[in-house]
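Chemist: quick one, fold the following:
(one chain, ligands or ions: 1)
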Amino acid sequence: MHALALALSLLAAAPPAAPAPAASPPALGPAVKAVLRYEATRFVITHVRILDGTGRPAVEDRNVSLEGGRIAAIGPGADVAPAAATVLVDGRGRTLLPGLVGMHDHMYYIARPDLDAGGHSDPPLVVPQMSYSSPRLYLAAGVTTVRTTGSVEGYADLNLRALIDSGQVPGPHLDVTAPYLQGKSDLFMQMYQLRDAADARRFVAFWADAGATSFKAYMHISRAELGAAIQAAHARGLKVTGHLCSVTYPEAIALGIDDLEHGFMVDTQGAPGKQPDVCPMDQSSSFVERVEPGGPEATALLRSLVEHHVAVTSTLPVFEHAIPNRPPLDARAMEVLTAEARTAYLYARNLRAALPPEAAARALATFRKEQRLERDFVEAGGLLLAGPDPTGNGGTIPGFADHREVELLVEAGFTPPAAVRIATLNGAIYLGRAREIGSVEAGKAADLLLVRGDPSTRISDLRQVELVWKDGVAYDPARLLESVRGRYGQY
Ligand SMILES: [Zn+2]
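Modeler: Residues are numbered from 1 along each chain as shown. Okay, the predicted model is just below:
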């Protein structure tokens, strides 16, 4: 019976789609059509479990219809007669979730010239753009919206957004973050170095005019430059986040920052010998290394963040790689890497495995404290966002690492529905798009992923993505992954 319904639904997908309603995406080019699962625009997903992104428990046996790029209706599970131009998707044994909102999701790969097995590489650090592979990897994982959270090639990310929005290239919705607001440092070859506060204002105006919709401050910015950048961005209704070091969290809160990257790991407040506006650049300067969760310093910081409505972005996967003997990369993730990227990952993993036991124990303890602080932040009423920081570094791979982030939030002690909310609705709230995306709700955009299994009880089922909709367009994760096999690290 269900096999027949499925067969009929496949036939129903064959005729040309009905005329596009106003809300439909633009005409799709060949590169997008090549990775679609269905060309239809109307779907009914029957008898599916919904994990809706609000943090509420999963709901069993629902029918969900999609039309005109939107979630048209959600009702009780029922068998549905095949109808022309409507694809029936059997949702039994599957779970429907809102598309993930990746809040620290780059479009580049950090290459290390002449990298050797000892981890040495030669300067300068160049950062190739992954404008081809990254958007496909995000979409294959069901990440339908991303903030790029620091561009190394600002024009490339802006042009990529235009290509995606015009239906020429497959990829998620992009909140394009301008190139990094960075002070005096030659860390990445492509980074601009701000001269002073006036320069920071000019920089923000220039990139906002060019189309950037968010900003990110980086490790060597001064308080004066950060303050000027925040004022200039806010004057245009745009938000600023930061991967800070030279500026402490309390200083950034006072300057009006909107979000802080990497949880609490990069806060340098109270670090021994910390000079104003100078990044100490050593691990022991980390807030997480020095304070106890639940203690007065931690409690005061969390309270201040909540009072000032400053979000925090959890990027647990990029820190997990500092610990030896953690789970290896998903085999499918290994397959999308170039041979060189695979080697770089294996070199890093090999070196980590040789860490002395005390150092390994310390790395794990710090990671556990970070997880605890993130949980305490949410319990205190804070808005926690999720994004894995994929740069290839240590094997943090677009899409795969977005799933790993949710798994690590569950490891931190969040329930699966709460962890999924952090990776969906919370991001939508921060971006000001919660009326459109971030949860499975009638009327919202049909940005959805369908997975085999039940991530509400076993979070790793999130990896079993069978279908991804963005604006009601149904993408095939297997085709997307196949299209980038052996390419991540190259383009
Ligand atoms: Zn980053």
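
Chemist: run through the chain and note the low-pLDDT ranges.
Modeler: Applying pLDDT under 70 to the chain flags residues 1-25, 283-284.

Chemist: in terms of secondary structure, what does the longest helix belonging to it contact?
Modeler: Of all the elements of type helix in the chain, the one with the most residues (DSSP state H) is helix 357-379. Here helix 357-379 touches helix 287-290, helix 296-307, strand 311-314, helix 316-320, strand 384-386, helix 400-411, going by 3 or more C-beta pairs under 8 Å, 6 or more residues apart in numbering; DSSP states H and E. For the C-beta atoms, the positions are set from N, CA and C on the backbone; glycine is no exception.

Chemist: try it again at 10 Å.
Modeler: Counting by 3 or more C-beta pairs under 10 Å, 6 or more residues apart in numbering; DSSP states H and E, the packing neighbours recorded for helix 357-379 are helix 287-290, helix 296-307, strand 311-314, helix 316-320, helix 339-353, strand 384-386, helix 400-411, helix 416-422.

Chemist: need the ones you listed in CSV with mean neighbour count and distance to Ala111, can you?
Modeler: Compiled in CSV, the helices and strands packed on helix 357-379 are given as follows (neighbours: other C-beta atoms under 10 Å; distance: least, C-beta to C-beta, whole Å):
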stretch, mean neighbour count, distance to Ala111
helix 287-290, 20, 29
helix 296-307, 16, 35
strand 311-314, 28, 24
helix 316-320, 25, 17
helix 339-353, 17, 8
strand 384-386, 27, 26
helix 400-411, 26, 18
helix 416-422, 24, 31
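
Chemist: re the thing from before, how big is the angle separating the longest helix of the chain from helix 400-411?
Modeler: Following axes from the mean of the first three to the mean of the last three C-alpha atoms, to 10 degrees, one obtains 80 degrees for the angle between helix 357-379 and helix 400-411.

Chemist: for helix 357-379, buried residues please.
Modeler: Residues 360, 362-364, 366-367, 369-378 are the ones in helix 357-379 that count as buried (16 or more other C-beta atoms under 10 Å).

Chemist: how far off helix 339-353 does it point, in degrees?
Modeler: Counting by the same axes, to 10 degrees, helix 357-379 lies at 100 degrees to helix 339-353.

Chemist: gap between the strand or helix carrying Lys216 and the chain center?
Modeler: Mapping Lys216 onto the secondary structure by DSSP states H and E places it in strand 214-217. Strand 214-217 sits 15 Å away from the centroid of its parent chain (C-alpha atoms, centre = their mean, to the nearest Å).

Chemist: can I get it in PDB? Just the C-alpha atoms.
Modeler: The C-alpha trace of strand 214-217 is given here as PDB (Å, rounded to 0.1, in the frame of the first residue of the first chain):
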ATOM      1  CA  SER A 214      26.600  41.300   9.800                       C
ATOM      2  CA  PHE A 215      30.000  42.000  11.300                       C
ATOM      3  CA  LYS A 216      32.600  40.100  13.300                       C
ATOM      4  CA  ALA A 217      35.400  41.500  15.400                       C
END
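
Chemist: tell me the helices and strands packed up against it.
Modeler: Contact here means 3+ C-beta pairs under 10 Å, 6+ apart; on that basis strand 214-217 packs against helix 197-210, helix 223-235, strand 239-242, strand 259-260.

Chemist: pull the CA atoms of the first one into PDB?
Modeler: Just to be clear, that refers to helix 197-210. Output of helix 197-210 as PDB, limited to C-alpha atoms (Å, rounded to 0.1, in the frame of the first residue of the first chain):
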ATOM      1  CA  ALA A 197      38.400  53.900  15.300                       C
ATOM      2  CA  ALA A 198      37.700  56.200  12.300                       C
ATOM      3  CA  ASP A 199      39.000  53.400  10.000                       C
ATOM      4  CA  ALA A 200      36.700  50.900  11.800                       C
ATOM      5  CA  ARG A 201      33.700  53.300  11.000                       C
ATOM      6  CA  ARG A 202      34.800  53.600   7.300                       C
ATOM      7  CA  PHE A 203      35.200  49.800   7.100                       C
ATOM      8  CA  VAL A 204      31.700  49.100   8.400                       C
ATOM      9  CA  ALA A 205      30.100  51.700   6.100                       C
ATOM     10  CA  PHE A 206      31.900  50.300   3.100                       C
ATOM     11  CA  TRP A 207      30.900  46.700   3.700                       C
ATOM     12  CA  ALA A 208      27.400  47.500   4.700                       C
ATOM     13  CA  ASP A 209      27.000  49.500   1.500                       C
ATOM     14  CA  ALA A 210      28.500  46.500  -0.400                       C
END
